[in-house]
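Undergrad: generate a structure from the sequence data that follows.
(chains A, B and C)
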Amino acid sequence: MEYLVVSLMFIVFLQTRFMELRRATLCLAVQSALIAAACLVVGLSHGGGLHGWLPGILTIAVKVLFIPYAILRTVKGLRDEREIVSDINVNYSTAVAASSLALGYMVIDGLLPQAEGRDILATSMFMIMTGLTLIVMRSRAIMQMIGLITMENGIYLLGLIMTEGLPLIIELGIFLDVLIAVVILVILTSRLRLSFRTTDTNVLDKLKG
Amino acid sequence: MMYFISDVQNLALCLLQAVILLAVAPVITGIVKKVKALLQNRIGSSIFQEYYDIKKWWGKPTMVTPYTSALFRLSPCVYFVTTLAAACMLPNFFGGRAGFGDVFVFVYVLALGRFFMAVSSMDAATAFGGMGGSREVYVAAFVEPVIMLAILSNVLHTGSTSLSGMSLRFDEVNLTVAGVLTCIAFFLVLLAENSRIPVDNPDTHLELTMIHECMTLEYSGRLLALIHWASQLKLLVFLLLFSMLYLPLDLPVALKVLLSAVAVGVVETLNNKMRLFKVRVYLAAAGLMLLLAVVAQ
Amino acid sequence: MLAAACFGVGILTLLFPHSLQRYAHWLANSAALIGSGITAYKAWTLLAGASVVPLTWGSYSLACDSWSAVFLLLTGIAGVITSLYALGYAQSYEGSRLRLLGGMWNLFLLSMTLVLLAGDAFSFLLFWEIMAVASFMLVNHESEKRATWTAAYQYLVMTSVGTAAIMIAFLLTGSASSSFSFEAMAQNKLDNLWQHVVFACAFIGFALKAGLVPLHVWLPNAHPAAPSHVSALMSGVMLKIALYGFGRFMFSFLPMWNYWWCIIVMVVGAVSAFLGVLYAQMENDIKRILAYSSVENMGVIFAAFGCGMLLKVLAGGSWYYLGFVAALVHAFNHSIMKVLMFMSAGSIMHGTGSKNIELFGGLAKKMPYTALFTFVGAMALAAIPLTNGFTGEWLVLQSFITLVSANSAQTTRLWAAVCFILLGFTGALALGCFVRLFGISFLGRARSQLVEHAHESDKFMLTAMGLSSALVLICGIYPLPMVQAVCAALKLDKEFAAQGLSLAWAGSGSLAVFNPLLLLLLVAVISVAVYLCVSNIFVEENVTWNCGTYPTGRQQYSATGFSKPVRRAFDYLLKPKRQVSYMRKDHAYFGRQLSYKLEIPDMITEKLYQPVQKHFVGVSAFLRRMQQGSVRLYVSYVMAAMVLVLVWGALYK
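TA: Numbering: from 1, shown residues only, chains lettered A, B, ... in the order given. Sure thing, here's the model as predicted:
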């Protein structure tokens, strides 16, 4: 489990450094695979049987296979868009991610002093904050989506750790992923592209009240 | 029911008193005019001239405009009736008490008469009528709070609001600061309410200088007689009120009334009519005196 | 219950199809009529001693005690009269949402009745809101005109503010007691500071609804915009419901009264009375005059209420009830008088098509019955004896006198003297105002063409007006049943005896009496005598002497001119703006044309409301800078908040 945690941290750090869409998506897939592995581990350790395997399989199916596939398909369709890639420097993103890891540890130590899974909890907090950072600091819609899914993975992990066993809430989390993926990612991004010929969300600044 | 019968008996006595006052009222106005004449180095008309005037008007025909409504003919009657009713409310010479109203009712019954007169002033569709009516309600707007304050001051002194109660404790001489202030202020109010100089000129018919006369400009014949008689009765009623409630001298009431009538004449001669918009200052001064009197008790 | 069913039927007429709208109209208004009649009857039996079982449903309840019974009686009577009037009047709205008018009318009456019957805070607030919304829809009925919907919008905003204040007061009181029902809130345990806050919120909320200065600005706009029977009911009943709510707060929830509260209530009431009637005299629109007159009378009612509170706080003894009796009696009388006057304003509008009294004159010849009833109403509102306006006024004055003489603290005496002065001004200015209203509209000659085509109202409107005039005169001449009913409502033994009203005075033992029957008798006797003298006068008709010229209708006084002396006397309060411009000069010596424009700005709106509005708009514009339209910025706001919360939670456990 500890190896999982460390590699998860590493992958998320790596995520903040990719600017191209394909590579970022592949990184996301790896990240989700690690989350699925964590799910399998937890499921198996709380008694096996179908109920232990099923959430893990579902997680793999949705998070590792379906969502990156959907993103890649959308990316493939982004052929004729204007290339205004105005992202902030990746180093800033990494710096913010590092500080949020530190923040995560500090918060966990403050709130739950003698917790057992201290690392995992801190990692989940770290993932949430990093996901938010990615949303804030990336201006392309697909990248923001990736940030959102990172955040969701963090919440998923937190839920996984905090609850005993694998209750319904896990399955709900998975299905929310599907919703996010299909609705927002595919449909809205294509609408954005149709309207503005670009997926740079800075064009939405015109819509202020 | 027994109360009712005895109240009705009281009422009859009060009515008798009021009729006597009605008979006496023109003389008082005559006295005022005679005083004014003597001070102006004239001989003037006799003090019974008002009787002759009323008799003269009584015999003349009444002329009305086709623009008026029935209200025009009704108003002088109402004015007369209310002034007579107010005279009934005065404290009784015969010892009974009027069981149907206290001083607020008194003031508002007079307001009933004023309402009808002011409304009918607009009836003849002339500019004079509107002028008289608007000035009358303007003066009334300032006179009423001052009268209220005078009543308040008297109530604080005597502790009752019925008219007989207010004059009951007046065998003693009230020469306190409050009493003197109230007396002077009520005299000013008396002049304002009865359309005397310095508020209004009762002898003139120029539209710049009249308020009460202006309202009644269109009347003639018996209606005019009723109005004049009612105004004279109102002056007598106010003089009686002044003497009984406010004048701090130890004399019989009739003598006090005569004295006040002479005082009215003297004041009328010594002053001239104020500009209309100075009336509020005049009445505000009276009000301020009364406020001081209220505070001083 | 039966009344509620009648109202329910009336509400359902909303759903009638368009072709049946005439039947909808008849049915709706008849249902309202019957419902109000039942309400009045039930309230009367309640006051006479019957008792009503409260209905409860969970934590909501409907209960009726004597304080609500008085107002129910008032609502019922006013509802009967105005529904009768609406049968005739609302026919002119045919084709423009008549069903909505009828249905909303019933909803309005039902909600007002239920507000009075509410037994706990939530149902009170629920029905209060329904009442506000129903009245908004009724006010906004002629929403094609710009004046109407701006007025209705202003009304809605202000009544929401008032409801918010009342809600705060209720919530604070309820949270300090065991439950939210009125009996439980009567035993609340608020400490001193919160009592002040509750008083302030309740007073602001109910004063706004009752139309006291400076929260009255919706009244003169909303009442002219609404159809006449709606204005009548709003002015006659809805303002009194605010009094009901305030009274419930004062009597049940805050039994220990602070000295300054009483002074505030009294002074605000007196100032509203004075300013109300002052502005009333300056207006040219009949309904605005009547609206300001409502402000005035509500001010008098609240001043009397404050006087009663002060009497109870200071004097103790048994004279404290005088102020409350005065307030209730005047409330009752005012609702009848105001209903009558609004109905007559509606008749005038119906007959001539305009509301501007400057265009009338000589209407008494075309509309004699309306003129007669308006005259009775004008007399009543000017507080003339023999009408019921005077009964209330007399009681109010007596209560102030009692206040002044019952204790000798100089400051109290000064406050009471100031209020007394203001009330004196109010009485006299009200007289002037209604002389002007009646005189300019109905007497004299026509000032414009509108009068030529005026016609009398139809029988329903006349019956309704006649009914309320009769009530005005009856309650003026024989006020005893009403006063005894009010005393029963306040649970006092009947101090008023015999045929008149007599108070045994604490001061010197003599009585302060007012017996209208005797007065009437006296007046009748004298009138008979006078009539006999005057009846055979020889009357000649001839045109008025006008210094040689033929008199025209335009030589009469106009309404603006009539109020000129008062306007000039108070110009430091009113600050009228005059604008005179010379337009044409044909001849060197005469023949100039002038244009004269007079405008009296609403001081309260300018000095109090507009600065507040500007301030709010300025602050909002400043805060708008936070909204840049970028999603990422908003997400970063969320993130910052989250980080802050986490750090705070972690560090400051």
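Undergrad: next, count neighbours for the residue in the stretch 101-250 of chain B that chain A sits nearest to.
TA: Evaluated by CB to the nearest CB, the stretch 101-250 of chain B has B:Ala141 as its residue closest to chain A, separated by 53.3 Å. Using the backbone N, CA and C atoms, a C-beta is placed for each residue, glycine as well. The number of residues packed near B:Ala141 is 28, by other CB atoms under 10 Å in any protein chain shown.
Undergrad: hey, where'd the helices end up in the stretch 501-650 of chain C?
TA: Secondary structure of the stretch 501-650 of chain C, counting by DSSP state H, counting those that start in this stretch: helices at C:516-534, C:559-562, C:564-569, C:571-574, C:603-604, C:610-623, C:631-651.
Undergrad: repeat for the stretch 151-297 of chain B
TA: Listed in chain order, the helices of the stretch 151-297 of chain B (DSSP H, counting those that start in this stretch) span B:163-168, B:177-193, B:212-215, B:221-241, B:253-270, B:279-296.
Undergrad: what would those look like in TSV with mean pLDDT, distance to C:Lys287 and mean neighbour count?
TA: What follows is the helices of the stretch 151-297 of chain B, written out as TSV (pLDDT from 0 to 100; distance: least, CB to CB, whole Å; neighbours: other CB atoms under 10 Å in any protein chain shown):
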stretch	mean pLDDT	distance to C:Lys287	mean neighbour count
helix B:163-168	61	40	21
helix B:177-193	86	34	22
helix B:212-215	79	28	25
helix B:221-241	89	35	23
helix B:253-270	87	45	17
helix B:279-296	85	30	20
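Undergrad: longest helix of chain A, counting residues only.
TA: Scanning chain A for the helix with the most residues, using DSSP state H, yields helix A:21-45.
Undergrad: pick out the residue closest to the middle of chain A.
TA: Nearest residue to the geometric centre of chain A (CA atoms, centre = their mean): A:Thr150, 1.3 Å.
Undergrad: so the closest residue to that one other than its chain neighbours: helix, strand or coil?
TA: Ranked by CB to CB, 6 or more residues apart in numbering or on different chains and with sequence neighbours excluded, the top spatial neighbour of A:Thr150 is A:Gly131, at 3.8 Å. Classification of A:Gly131 into helix, strand or coil gives helix, according to DSSP: H, G, I helix; E, B strand; the rest coil.
Undergrad: confidence score at A:Gly131?
TA: Taken from the predicted model, the pLDDT recorded for A:Gly131 is 91.
Undergrad: re earlier: what distance do you get for the residue nearest to the centre of chain A to A:Lys76?
TA: Counting by CB to CB, to the nearest Å, the separation of A:Thr150 from A:Lys76 is 22 Å.
Undergrad: got the contact list for the helix-or-strand element of chain A with minimal mean pLDDT?
TA: Ranked by mean pLDDT, DSSP states H and E, the helix or strand of chain A with the weakest confidence is helix A:168-179, at a mean of 72. The set of residues that contact helix A:168-179 without belonging to it, under CB atoms under 8 Å, 6 or more residues apart in numbering or on different chains, is A:39, A:55, A:58-59, A:62-63, A:66-67, A:149, A:152, A:155-156, A:159-160, A:163.
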